[in-house]
Every structure is written in C-alpha cells, then in structure tokens.
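K.L.:
let me see the structure of the following:
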Amino acid sequence: MYKDRMSGIQAEFKRTLSEIIKNDIKDPRVSEMASVTHVEITRDLKYAKAYISIYDSEKMKKSTIETLTHAEHFIKNEVGHRMRMRRLPEITFLLDTSIEYSNKISEMLKKV
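P.N.:
Below you'll find the model as predicted:
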C-alpha cells in the first residue's frame with residue numbers, strides 16, 4: 001500500500017512540475033525542450049529530486065538547470081497551490097542524460 005501511495009504522489013508531483021515548467025516559467029534561460037523525466041521523493045516528503053531532460057546545447061542545459069534551481073521557491077509555492085500536501089519537499093533539479101546515453105549506445109550498435 002505504501003509503494004502505491006508514494007508512486008501516486010511522485011506521478012502527480014511530476015505532472016504538476018511539468019506543467020509549471022512548460023506553462024508558468026517564462027524565463028528565456030529555460031529551454032523550451034526541457035521535460036521532467038522522473039521524480040524521486042523521500043519517504044518523509046522532505047526532499048525531491050527532479051530529473052530534467054533537455055534536448056538543447058550544453059550552454060542551454062546548464063542555464064536551464066541553474067534557472068530552475070534559482071526559481072525553486074516559486075516552483076515549490078506553485079506545486080503547493082496545485083497539490084494538497086502537508087509538507088512540500090525541497091526540490092533539487094538534476095540533468096537527466098539517460099536519453100542521450102541511450103541514443104549514443106544505439107548509434108554505436110548501428111555501426112557494429
């Protein structure tokens with residue numbers, strides 16, 4: 001039962017976070033090609049890791065993560081307004097390179 005509840009919270013958190021990044025953050029330093037791929041929330045709901053995949057230049061990837069980290073307070077407040085949670089976790093934004101890695105492996109396999 002606990003795993004079902006946590007997976008539901010994480011899925012809702014991911015959906016809400018995606019909406020906020022796509023629709024509410026109008027900063028030009030945030031890539032339009034950014035998407036939330038995965039969210040991990042600790043059991044006590046104090047901390048959350050948000051994995052962001054960005055299909056853009058290296059400079060834009062760095063800029064996007066820095067801007068999201070700087071806007072963490074705004075994002076956290078928006079999540080609080082949209083989700084009914086007693087405790088809002090501190091959000092850490094991490095660059096997700098798994099898609100790029102899988103593309104690189106696929107290209108290497110095609111060459112073989």
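
K.L.:
next, residue 93: phi, psi?
P.N.:
When quoted as degrees, to the nearest 10, the phi and psi of residue 93 stand at phi -100, psi 130.

K.L.:
list the contacts for it?
P.N.:
For residue 93, the residues meeting the contact criterion (Cβ atoms under 8 Å, 6 or more residues apart in numbering) are 50, 52, 65, 68-69, 72. Just so you know, the C-beta spots here come from the backbone N, C-alpha and C atoms, and that holds for glycine as well.

K.L.:
before we move on, which element is residue 52 in?
P.N.:
Here residue 52, judged by DSSP states H and E, is contained in strand 47-54.

K.L.:
just checking, what packs against that strand?
P.N.:
Judged by 3 or more Cβ pairs under 8 Å, 6 or more residues apart in numbering; DSSP states H and E, strand 47-54 is in contact with helix 2-19, strand 34-41, helix 58-70, strand 90-95.

K.L.:
rerun that using 10 Å as the cut-off
P.N.:
When contacts are defined as 3 or more Cβ pairs under 10 Å, 6 or more residues apart in numbering; DSSP states H and E, strand 47-54 sits against helix 2-19, strand 34-41, helix 58-70, helix 72-82, strand 90-95, helix 98-111.

K.L.:
need the contact partners of the fourth one.
P.N.:
Translated: helix 72-82. The list of residues contacting helix 72-82 from outside it, by Cβ atoms under 10 Å, 6 or more residues apart in numbering, reads 12-13, 15-17, 19-21, 23-25, 48, 50, 68-69, 71, 85, 87-93.

K.L.:
buried residues, that helix. List them.
P.N.:
Neighbour counts over helix 72-82 (16 or more other Cβ atoms under 10 Å) mark 75-76, 78-79 as buried.

K.L.:
ok, the contacts of residue 93 vs residue 106, which is closest?
P.N.:
Proximity of these to residue 106 (Cβ to Cβ) peaks at residue 52, which lies at 21.6 Å.

K.L.:
look up the pLDDT of that closest one for me, please.
P.N.:
With respect to pLDDT, residue 52 has a value of 95.

K.L.:
circling back to that earlier point, of the contacts of residue 93, buried ones?
P.N.:
If you count burial by 16+ other Cβ under 10 Å, the buried members of these come out as 50, 52, 65, 68.
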